[in-house]
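Student: Kindly generate the corresponding structure for this input.
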Amino acid sequence: MHGNHPINIEALLTHVPLFNSLVPEEIARIAKSTREIHASKGDILFHKGDPCTGFHLLVYGQIKLAFTSQQGSEKVVEILTQGQSFGEAIMFMDKPYIVFAQALTDCLLLHVSKAAVYDELQRDHNLCRKMLAGMAMRLHQLMVDVESYSLHSGKQRIIGYLLRELPEADQDGINVAVTLPTNKGVIASRLNLTQEHFSRILHELTDLGLIVVEGRKIHIPSVARLRQHEG
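Tutor: As a prediction, the model looks like this:
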């Protein structure tokens, strides 16, 4: 990780949805206990077992949260993008991290200290509700993931992923495209598939005329036809 030119932390915090109910004085208090982190692609932000001293906000870039087995295989739990936060639940539990975090691209993050969060939560109940809502959404997504791994085939998982990645305006479109946010190996792990299985299913969907693969760009001639194969 490397330093860079100083940034206006208060201005960045103002644009974070989590903090949009706070007045400038409250933002200023949090900013004093917030530090910027510049991470290059491949950098590890923290390892499993490291102490958690606050939570992170991703200003730009992509971060993966993952486990590594004793055999060295990796399971990606989440791929985080601009504007998302992570680490709140572990921070409140006073436990060490249970995953590691790695930059998939060059990133800028803000690390907000636990003490600053606790102080503001005592003053602002709206912030408390927002943090609870964010953690509840993540728990809901985890339940959706468990259901998908348990009950859906690999083909259904990939189709579901592609449909979720489509912009709202393209949900029933013709000749639309999804650009994979990261490499296929990371996405395969996120969907609980091996990279080989992931590639085989893409070939199968291509042979059926449901998609056209062009690097990271997946063209979908007919969303309606693809959706028919999701169930």
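Student: Hmm, Val213 is touching Ile201, no?
Tutor: No - between Val213 and Ile201 there is no contact under Cβ atoms under 8 Å: 11.0 Å. Any C-beta I mention is one placed from the backbone N, CA and C, and that applies to glycine too.
Student: Looking at those two, which is more packed in?
Tutor: The residue with more neighbours, out of Val213 and Ile201, is Ile201; 20 against 15, by other Cβ atoms under 10 Å.
Student: That one falls within a helix, correct?
Tutor: Yes - per DSSP: H, G, I helix; E, B strand; the rest coil, Ile201 lies within a helix segment.
Student: And it, how far from Leu210?
Tutor: Using Cβ to Cβ, to the nearest Å, Ile201 is found at 11 Å from Leu210.
Student: before we move on, what about Ala188?
Tutor: Ala188 is 18 Å from Leu210, by Cβ to Cβ.
Student: Check Val99 too.
Tutor: Applying Cβ to Cβ to Val99 and Leu210 gives a distance of 33 Å.
Student: Which positions in the longest helix seen in the chain come out as buried?
Tutor: Ordering each helix of the chain by length in residues (DSSP state H) puts helix 125-151 first. Neighbour-count burial for helix 125-151, counted by 16 or more other Cβ atoms under 10 Å, picks out 127, 130-131, 134, 138, 145, 148.
Student: The residues you listed into TSV, with extra columns for distance to Leu162?
Tutor: Output for the buried residues of helix 125-151, formatted as TSV (distance: Cβ to Cβ, whole Å):
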residue	distance to Leu162
Leu127	35
Lys130	30
Met131	31
Gly134	25
Arg138	22
Asp145	16
Ser148	13
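Student: Surely Asn126 and Val23 touch.
Tutor: No - assessed by Cβ under 8 Å, Asn126 is found out of contact with Val23, at 11.2 Å.
Student: Which helix or strand contains Gly83?
Tutor: Using DSSP states H and E, Gly83 sits within no helix or strand.
Student: shouldn't it be in contact with Leu18?
Tutor: No - contact between Gly83 and Leu18 fails when scored by Cβ under 8 Å: they sit 9.5 Å apart.
Student: Now for the two: what residues contact both?
Tutor: Leu57 (Cβ atoms under 8 Å, 6 or more residues apart in numbering).
Student: Which one's more surrounded, those two?
Tutor: Counted by other Cβ under 10 Å, Gly83 and Leu18 do not tie: Leu18 has more neighbours, with 19 against 13.
Student: just wondering, since we're on the more buried one, how far is it from Gln84?
Tutor: Going from Leu18 to Gln84 by Cβ to Cβ gives 10 Å.
Student: Mutual contacts of those two, please.
Tutor: With Cβ under 8 Å, 6+ apart, Leu18 and Gln84 have common neighbours Leu57.
Student: looking only at pLDDT, what's the mean for the helix or strand where Leu58 lies?
Tutor: Taking DSSP H and E as the criterion, Leu58 maps to strand 54-60. Throughout strand 54-60, pLDDT has a mean value of 92.
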